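Asker: model this:
(2 chains)
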Protein chains: 2
Amino acid sequence: MMIVPATPSAATPLAEAAIVGVDWGTTQRRVVALDARGEVLRELGDDQGMLAASGRFAASLAAVLRSIGPLAANAPVVLSGMVGSAQGWHDVPYLDCSVSLHDLGARLFRVPDAPDAVDCSIVPGYRWQGVDGAVDVMRGEETQLFGAIALGARDGWFVLPGTHSKWVRLRDGRIERFATYMTGELFALLSRYGTLASVLRDAVDDDAAFARGLRAAARGALSNSLFGCRAKVVTGALAAASARDYLSGVLIGSEWHDALARRAGDGVPLRVIGTASLARRYARAGAVLGFDVITMDARAVQLAALSALQTSIGLRSVNRL
Amino acid sequence: MMIVPATPSAATPLAEAAIVGVDWGTTQRRVVALDARGEVLRELGDDQGMLAASGRFAASLAAVLRSIGPLAANAPVVLSGMVGSAQGWHDVPYLDCSVSLHDLGARLFRVPDAPDAVDCSIVPGYRWQGVDGAVDVMRGEETQLFGAIALGARDGWFVLPGTHSKWVRLRDGRIERFATYMTGELFALLSRYGTLASVLRDAVDDDAAFARGLRAAARGALSNSLFGCRAKVVTGALAAASARDYLSGVLIGSEWHDALARRAGDGVPLRVIGTASLARRYARAGAVLGFDVITMDARAVQLAALSALQTSIGLRSVNRL
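Answerer: Numbering: from 1, shown residues only, chains lettered A, B, ... in the order given. Coordinates of the predicted model:
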């Protein structure tokens, strides 16, 4: 287990955590411990994602809790992400989009087989169903949206870029609709396998190529624009070293053009919740396509979510008295 | 070298071939020998594609010519496909679409380093350039289109499905425009790697799922429809065993909707040149989407191309006298 060392050093007596959040994805896991005021006590990341921990989730959680340091008595441990899927620890039913994100703290799934009598819950994901038979799902992003709401952003479009990019329309904290794009996954597949992989090596940063890719994506089907990347390199219309940023533009542009078409006339703010580099890339896409983008740091949003969950779990405990 | 045995048996004296055609792709190679009347004498296929034969094309050709049996003196050997690319034997310049396919036989590239003084040529591919910076290329498909013309089909839309599906608009034997879709390649990548791969195993044939995928592709970006396949399976809206045909529908549908949008108001015939199973699949897509499709067998078209090239090379030789 590769662990980013927790801070501060274990040589000093460690303060007890009031809540621990685990963002438990398919391949990665991020753990953060907050004190009673919502300040970060300790933080670590490892590669014990859902796939690696499969079949031994309780033991895996117990080990990471030992690493993160002491918990206060009854301190809640809140898990989010793919750990709550059919391939995860427990298959937690999706919430319907009629359930407001404001109520998320009251809809946590209590884990019955948590280690050492830890008060452990899983945040449920959401399912969206379109009138035309379209279906979409999220697990993990609902926690980030909950954090964004805690930071005061409860209306507009929220983009959560990544392996499976989400575009989510919130209205007063309720999910009105959302759509997922396999942007990051396709980029990874095409970079490693198939016809484009060889031209994507030895890339240089090229903002102009990214912008060209963004615009090319508007002209038609993605499977055509992807071949166009190859055709441009083969005919000398695009330098091979610029193909990587061009492809990134085509894939992200395809997502933007589709989402903007669905967003027609909806002049609400557009926020991107992401790591610094991804948020920057999406803000640049917005600038090229003529849209102002508000960026929100993914870690700050995740911490805000955990603080807000802490409050709502605390309230729930009070209500139980 | 895996060889499909040439017919008839080598025990009988073999008639000399008047022309040999080699469809020399990236990973596969098909060789056919015709007599002076254009009848098939012998035929074989192996896995000595461009990649396997790289760096020793002359020796590889000499070996396969020995396998295919005796050639008449001065019998032309005509190569088509990726063997004429930058990674192939010779980087044969693309023809501009202003060059009619009728003139293809006069534009062959003479191979300077052919083995045993064989009269060997490579058919050049085509490049298309759109007004909006779009670029597309083909190598190999021009030979099939040449064959279709020889069979009397010189106008309308021609679909050549496969790893890189082509939609080509011909007007009196001239290529007006064409577009390539990475349909087959994406299907192969998604079937082997990534999120969808696990749900695509253990598939059953499901025409209804194929039709659903075709229609779903009209609703938005491909990267969204691909995730939709997963979301449908996860939520029970689609049986996992039907996901493979659904994905096939999404990918082929994406190509159709894009091509049909470019084809608006152009009520010319739509022909598919493909193997039996692919042609059937595209004809079914046409039926679902409301278009009549004329199917042409890829092998018959290839043989017609070779016969026609034989005639045009013969004429060229006569003209040289």
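Asker: could you pull out the helices for chain A?
Answerer: Applying DSSP state H to chain A gives helices spanning A:50-53, A:57-68, A:141-150, A:183-192, A:197-200, A:207-216, A:222-234, A:243-262, A:276-289, A:298-320.
Asker: Any chance of TSV for those, columns mean pLDDT?
Answerer: As requested, the helices of chain A are arranged in TSV below (pLDDT from 0 to 100):
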stretch	mean pLDDT
helix A:50-53	95
helix A:57-68	96
helix A:141-150	98
helix A:183-192	96
helix A:197-200	89
helix A:207-216	97
helix A:222-234	96
helix A:243-262	95
helix A:276-289	95
helix A:298-320	83
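Asker: Just send these back as JSON lines, with distance to residue B:230 too.
Answerer: All C-beta atoms are positioned from the backbone trio N, CA, C, and that covers glycine. Written out in JSON lines, the entries for those read as follows (distance: least, CB to CB, whole Å):
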{"stretch": "helix A:50-53", "distance to residue B:230": "15"}
{"stretch": "helix A:57-68", "distance to residue B:230": "22"}
{"stretch": "helix A:141-150", "distance to residue B:230": "15"}
{"stretch": "helix A:183-192", "distance to residue B:230": "10"}
{"stretch": "helix A:197-200", "distance to residue B:230": "23"}
{"stretch": "helix A:207-216", "distance to residue B:230": "25"}
{"stretch": "helix A:222-234", "distance to residue B:230": "17"}
{"stretch": "helix A:243-262", "distance to residue B:230": "16"}
{"stretch": "helix A:276-289", "distance to residue B:230": "22"}
{"stretch": "helix A:298-320", "distance to residue B:230": "23"}
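Asker: Please identify which of the ones you listed is closest to residue B:192.
Answerer: Between residue B:192 and those, the tightest spacing by CB to CB is seen for helix A:183-192, at 9.2 Å.
Asker: Please list the residues of the stretch 1-150 of chain A that sit near chain B.
Answerer: Proximity of the stretch 1-150 of chain A to chain B is confined to A:85, A:86, A:94, A:127, A:132, A:133, A:134, A:135, A:136, A:137 under the rule CB under 8 Å from any CB of the partner chain.
Asker: circling back: which among the helices of chain A is found nearest to residue B:178?
Answerer: helix A:222-234 (10.6 Å).
Asker: and the closest residue to chain B within the stretch 101-250 of chain A, what does it touch?
Answerer: Nearest residue of the stretch 101-250 of chain A to chain B: residue A:221, at 3.6 Å (CB to the nearest CB). For residue A:221, the residues meeting the contact criterion (CB atoms under 8 Å, 6 or more residues apart in numbering or on different chains) are B:181, B:222, B:254, B:255, B:257, B:258.
Asker: closest to residue B:195 among those residues?
Answerer: Comparing the contacts of residue A:221 against residue B:195 with CB to CB places residue B:222 closest, at 14.5 Å.
Asker: Next, the contact list for the closest one, please.
Answerer: In this structure, residue B:222 makes contact with A:221, A:222, A:223, A:254, B:250, B:251, B:254, judged by CB under 8 Å, 6+ apart.
Asker: In TSV, list those residues along with distance to residue A:296.
Answerer: What follows is those, written out as TSV (distance: CB to CB, whole Å):
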residue	distance to residue A:296
A:221	32
A:222	27
A:223	32
A:254	23
B:250	32
B:251	34
B:254	32
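Asker: Can you tell me which of the residues you listed comes closest to residue B:121?
Answerer: The shortest gap between residue B:121 and any of the contacts of residue B:222 belongs to residue A:223, at 32.5 Å (CB to CB).
Asker: From residue A:251, how far out is the closest one?
Answerer: From residue A:223 across to residue A:251, the span is 12 Å (CB to CB, to the nearest Å).
Asker: who's more crowded, the two?
Answerer: Here residue A:223 and residue A:251 are set side by side on neighbour count (other CB atoms under 10 Å in any protein chain shown), and the busier one is residue A:251, at 28 against 25.
Asker: Leaving out chain neighbours, which residue sits closest to that one?
Answerer: residue A:183 (4.9 Å; CB to CB, 6 or more residues apart in numbering or on different chains).
Asker: out of the contacts of residue A:221, what pair is the most spread apart?
Answerer: The two members of the contacts of residue A:221 with the most space between them (CB to CB) are B:181 and B:257, at 10.8 Å.
Asker: the more surrounded of these two?
Answerer: Each of residue B:181 and residue B:257 has its neighbours counted (other CB under 10 Å); residue B:181 has more, 30 against 18.
Asker: wait, isn't the more buried one in contact with residue B:168?
Answerer: No - with contact defined as CB atoms under 8 Å, residue B:181 does not reach residue B:168; the gap is 12.0 Å.
Asker: Now, of the residues of the stretch 1-150 of chain A next to chain B, which are buried?
Answerer: In these, burial by neighbour count holds for A:85, A:94, A:127, A:134, A:135, A:136, A:137, counting by 16 or more other CB atoms under 10 Å in any protein chain shown.
Asker: In contact with the last one, which residues?
Answerer: The contact partners of residue A:137, taken as CB under 8 Å, 6+ apart, are A:94, A:125, A:126, A:127, A:128, A:180, B:231, B:234, B:235.
Asker: okay, which residue is most central for chain A?
Answerer: When chain A is reduced to its mean C-alpha position, the nearest residue by CA atoms, centre = their mean turns out to be residue A:141, at 4.9 Å.
Asker: That residue and residue A:170 touch, don't they?
Answerer: No - contact status for residue A:141 versus residue A:170: not in contact, 11.5 Å apart, counting by CB under 8 Å.
Asker: Near residue A:29, how many residues? Count them for me, please.
Answerer: Residue A:29, neighbours per other CB under 10 Å, totals 25.
Asker: Contact partners for it?
Answerer: Going by CB under 8 Å, 6+ apart, residue A:29 touches A:22, A:23, A:45, A:46, A:47, A:48, A:49, A:53, A:64.
Asker: Okay, and which of those map to strands?
Answerer: Assignment to strands by DSSP state E places the following of the contacts of residue A:29 there: A:22, A:23, A:45, A:46.
Asker: Counting neighbours, which of those residues comes out on top?
Answerer: Ranking the ones in strands among the contacts of residue A:29 using other CB under 10 Å puts residue A:23 first, with 25 neighbours.
Asker: mind giving me the domain ranges of chain A?
Answerer: Per automatic domain parsing, the structural domains of chain A span A:19-139, A:183-297.
Asker: first to last residue in the last one, what's the distance?
Answerer: The straight-line separation of the ends of domain A:183-297 (CA to CA, to the nearest Å) is 20 Å.
Asker: Go ahead and measure how far it is from the middle of the chain.
Answerer: Put simply, domain A:183-297 sits 19 Å off its chain's centre (CA atoms, centre = their mean, to the nearest Å).
Asker: Not counting its neighbours along the chain, what's nearest residue A:143?
Answerer: Spatial nearest neighbour of residue A:143, excluding adjacent residues (CB to CB, 6+ apart): residue A:80 at 4.1 Å.
Asker: Now the phi/psi pair for the closest residue to residue A:72 other than its chain neighbours, please.
Answerer: Distance criterion CB to CB, 6+ apart; nearest residue to residue A:72, sequence neighbours excluded, is residue A:16 at 4.2 Å. Backbone dihedrals for residue A:16, given as degrees, to the nearest 10, come out at phi -80, psi 140.
Asker: Could you count how many residues lie near residue A:16?
Answerer: Here the count is done by other CB under 10 Å, and residue A:16 has 14 residues near it.
Asker: likewise residue A:201?
Answerer: Neighbours of residue A:201 using other CB under 10 Å come to 11.
Asker: got it, and residue A:247?
Answerer: Residue A:247 has 25 neighbours, counted by other CB under 10 Å.
Asker: which residues touch the closest residue to it other than its chain neighbours?
Answerer: The shortest distance from residue A:247 to any non-neighbouring residue, by CB to CB, 6+ apart, is to residue A:229 (5.3 Å). Applying CB under 8 Å, 6+ apart to residue A:229 gives the contacts A:196, A:199, A:213, A:238, A:243, A:246, A:247, A:250.
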